[in-house]
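Q: Sequence below, structure please.
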Amino acid sequence: ASKTVWQDENTFAEEAGVEKTLASAAETYADDETVTALAQTVSEQWKAYQENPEGYFDSVELMELDTMIGGKAINDFDLVKTLCENSAAGIDWLDTIGAQLHDVASFGGASVKRIHRPVDAEGKTISVGSYIVPVLESACEERGIEILFNTTATALRQDENGNVTGVEGVTKDGANVIVEAKAVVLATGGFGANLEMVASYKPELKGFMTTNAAGAQGQGIAMAQAVGAATVDMDQIQIHPTVQFDTAALITEGLRGDGAILVNAEGKRFTDELQPRDVVSAAIKAQMETEGSKHVWLSFENIEPETIHHHFPSIYQKCLEEGYDITKEPIPVVPAQHYFMGGVHVDSDSQTTMQHLFAVGETSCNGVHGANRLASNSLLESLVFAKRAAQKIVADRSANVTPFKQEIPVYREAQILVEPHLQRE
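A: Alright, predicted model coming up:
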């Protein structure tokens with residue numbers, strides 16, 4: 001999130017990141033009007049800040065520029081604006097339900113410290129997912145929202161006109177469950193743990209490790225396809241650069257943001273670790289091919305042991321259990337498939353091509369990430385566009401109108417509509 005009060009608690013020392021982004025915009029995207037216009041705005045903001053350096057430098061436009069460059073400038077810019085302009089409000093909303101993401105750090109693809117993360121009572125960094133989910137669960141309980149645990153959704157229900165009217169499922173004991181609804185929102189994640197499905201859409205990822213939880217099987221996407229909902233970019237699967245070679249445990253970019261470096265078998269650094277994920281992953285793959293190795297090494301020599309113990313206690317403990325003391329030695333890492341960039345095709349309100357059916361988060365694809373998602377923009381996407389879905393559903397119900405659109409504009413010219421799927425040319 002950009003321009004939050006929590007950023008201002010940090011001392012600004014990311015001049016090189018801003019300059020690098022502006023240089024990239026000028027050198028690589030000089031012919032792109034959107035990127036060029038953003039870079040001009042950011043350049044003026046940067047100049048004004050340098051003349052009067054008060055607070056922490058960031059802006060909505062710089063976040064938009066980072067997102068566009070990270071996505072190879074094929075993002076849907078209107079949605080990028082929506083994402084970035086509502087980013088600070090997303091952090092504020094989480095505060096209202098008791099989820100505090102006040103610690104700010106650097107991550108890949110961001111020019112400045114912009115990633116907001118939770119810490120425990122001792123100030124130690126904790127996993128955002130394991131932190132937020134229980135908070136959301138409590139918020140549901142407080143509002144009387146029923147959650148069906150140990151129940152697997154199996155199909156979407158439709159009426160005789162094809163309208164989605166609910167969900168069918170089955171409990172762990174085999175009992176059938178039917179939930180009728182005036183609108184259904186799919187928030188079922190991707191399919192990273194379904195290795196067969198991954199390989200079917202992207203054969204070159206066969207045999208890759210995954211960072212996904214076992215439940216990421218793609219059932220929600222399959223259910224949407226079964227009723228005729230359009231999907232897009234099903235072969236676009238993002239790779240995370242640093243997964244522990246021995247265990248497939250994800251090694252957060254926060255460590256690289258705090259100074260961890262990638263080194264080869266000779267202990268020599270070979271890339272800039274804070275580039276976008278696809279760039280870093282490609283550099284690792286190239287290094288592995290050059291030296292004929294099965295992994296590279298992530299070194300923590302530039303991070304004080306106290307920082308590791310304080311900010312990354314769980315990663316330190318997990319690595320220690322595998323025989324690596326990261327305060328004293330590097331660990332072997334490889335890229336692994338991590339995030340599904342495609343999904344059920346939706347518009348700016350997260351509405352699919354089917355009547356009364358919405359999709360959000362990793363299940364959906366609206367074009368906001370372009371060719372490559374920046375770190376933690378996925379959580380922000382879920383916050384911003386799930387809210388828009390809820391607002392759309394409520395507004396349509398209040399107005400007693402049908403929220404159906406037969407066609408959704410394709411988010412870039414390089415795609416064509418082939419019902420019921422959207423694929424690259």
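Q: drop to CA atoms for contacts and neighbour counts, all remaining ones
A: Fine.
Q: Just give me the residue closest to the centre of the chain.
A: Ser378 (2.5 Å; C-alpha atoms, centre = their mean).
Q: Contact partners for that residue?
A: Listed by C-alpha atoms under 8 Å, 6 or more residues apart in numbering, the contact set of Ser378 reads 361-362.
Q: got the buried residues for the helix or strand in which it is found?
A: Using DSSP states H and E, Ser378 sits within helix 377-399. Across helix 377-399, burial judged by 16 or more other C-alpha atoms under 10 Å covers 377-378, 380-390, 392-393.
Q: Name whatever forms a beta bridge with Arg269.
A: Beta-bridge partners recorded for Arg269 (DSSP bridges): Val263.
Q: Now do the contacts for it.
A: 261-263.
Q: Just to check, Val296 is in contact with Gly267?
A: No: under the criterion of C-alpha atoms under 8 Å, Val296 makes no contact with Gly267, lying 9.4 Å away.
Q: Which residue of those two possesses the greater neighbour count?
A: Shown here are Val296 and Gly267; by other C-alpha atoms under 10 Å, Val296 has more neighbours (26 against 13).
Q: Which residues are in contact with that one?
A: Per C-alpha under 8 Å, 6+ apart, neighbours of Val296: 262-265, 284, 287-288, 332-334.
Q: Quick check: which element contains Asp66?
A: helix 60-70.
Q: Quick check on the nearest residue to Phe107 once chain neighbours are set aside: phi, psi?
A: For Phe107, ignoring the flanking residues on the chain, the nearest one in space by C-alpha to C-alpha, 6 or more residues apart in numbering is Gly257 at 5.1 Å. Dihedral pair for Gly257: phi -60, psi -30, per degrees, to the nearest 10.
Q: again, but for the one 4 residues further on
A: For Ile261, the backbone dihedrals are phi -130, psi 150 (criterion: degrees, to the nearest 10).
Q: wait, doesn't it sit right on Leu298?
A: Yes: Ile261 is in contact with Leu298 according to C-alpha under 8 Å; the separation is 5.7 Å.
Q: neighbour count winner among the two?
A: Comparing Ile261 with Leu298 by other C-alpha under 10 Å, the one with more neighbours is Leu298, at 27 against 23.
Q: and Thr28, how far is that from Val112?
A: 20 Å (C-alpha to C-alpha, to the nearest Å).
Q: Tell me which of those two has more neighbours.
A: Val112 (27 against 12).
Q: For Trp297, pull up the helix or strand it's in.
A: With DSSP H and E as the test, Trp297 turns up in strand 296-299.
Q: and that strand, which strands flank it?
A: Next to strand 296-299 in the sheet, as set by DSSP bridges, lie strand 261-263 (antiparallel), strand 331-340 (antiparallel).
Q: Where in this structure is the helix or strand with the lowest mean pLDDT?
A: For the chain, counting by mean pLDDT, DSSP states H and E, strand 415-418 ranks last in confidence among helices and strands (a mean of 28).
Q: tell me, how many neighbours does Gly17 end up with?
A: 16.
Q: Which parts of the stretch 101-250 of the chain are strands?
A: Taking DSSP state E, counting those that start in this stretch as the criterion, the stretch 101-250 of the chain carries its strands at 103-105, 115-117, 151-158, 164-171, 176-180, 184-186, 231-232, 237-244.
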